[in-house]
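In: here is a sequence with its predicted model. Questions after.
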Amino acid sequence: MVPRVTYLALAILVLALTFVGVHAFSSYQTRLHFAQLNVPAVEGKFPLEVKVVVNYGPFGGKSPLGDAEVWVYKGDTFYTQNYTGSNGLVTFYLPPGNYSIFITTLHYKFQVQLNGGLEVTVDYAYLRSA
């Protein structure tokens with residue numbers, strides 16, 4: 001016969017693991033990180049660096065996404081597109097303004113206001129549905 005203390009210890013362990021799992025999963029979501037680049041405009045255009053990182057979950061790690069197609073829209077008008085390199089990075093040179101960035105591979109879209117050099121890192125939660 002198993003002592004009641006063993007059952008109590010197992011119940012506490014299950015509760016603790018459940019709490020840790022719920023906390024880890026609730027913090028697992030797609031995030032954008034913005035950083036200003038201290039670079040001057042060249043011919044009236046500033047660099048917009050977009051870095052795409054795929055986050056495979058609390059225990060799966062992160063990896064840059066190479067060959068991701070990134071489209072840039074100004075208003076509702078398509079402006080330009082390019083692909084990320086093996087490091088997950090693509091750089092555009094754009095005049096100041098408001099832009100929509102669409103990462104076609106991930107079906108993910110976000111807005112940026114460009115009034116100087118800007119670096120945007122997309123930490124994409126791969127296993128989390130929207």
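Out: That came in fine, so what should we check first?
In: mind showing which ranges of this structure have poor pLDDT?
Out: Counting by pLDDT under 70, the low-confidence segments of the chain come to 1-2, 16-27, 128-130.
In: the strands in it, which residues?
Out: Along the chain, the segments classed as strands by DSSP state E run 31-37, 46-55, 62-64, 69-74, 77-83, 89-94, 97-103, 108-114, 117-125.
In: contacts for the second one next, please.
Out: Put plainly, it is strand 46-55. When contacts are defined by C-beta atoms under 8 Å, 6 or more residues apart in numbering, strand 46-55 is touched by residues 28, 30, 37, 39, 62-65, 68, 70, 72, 84, 87-96, 99, 101, 103, 106, 112, 114-126. In short, each C-beta sits where N, CA and C put it, glycine included.
In: ok, of these, which come out buried?
Out: A residue is treated as buried here by neighbour count (16 or more other C-beta atoms under 10 Å); on that basis the buried members of these are 28, 64-65, 68, 70, 72, 84, 88-90, 92, 94, 99, 101, 103, 106, 112, 114, 117-122, 124-126.
In: ok, the closest residue to L89 other than its chain neighbours to A41 distance?
Out: Beyond its immediate neighbours in the sequence, the residue positioned closest to L89 (C-beta to C-beta, 6 or more residues apart in numbering) is K51, lying 4.8 Å away. In this structure, K51 and A41 are 21 Å apart, going by C-beta to C-beta, to the nearest Å.
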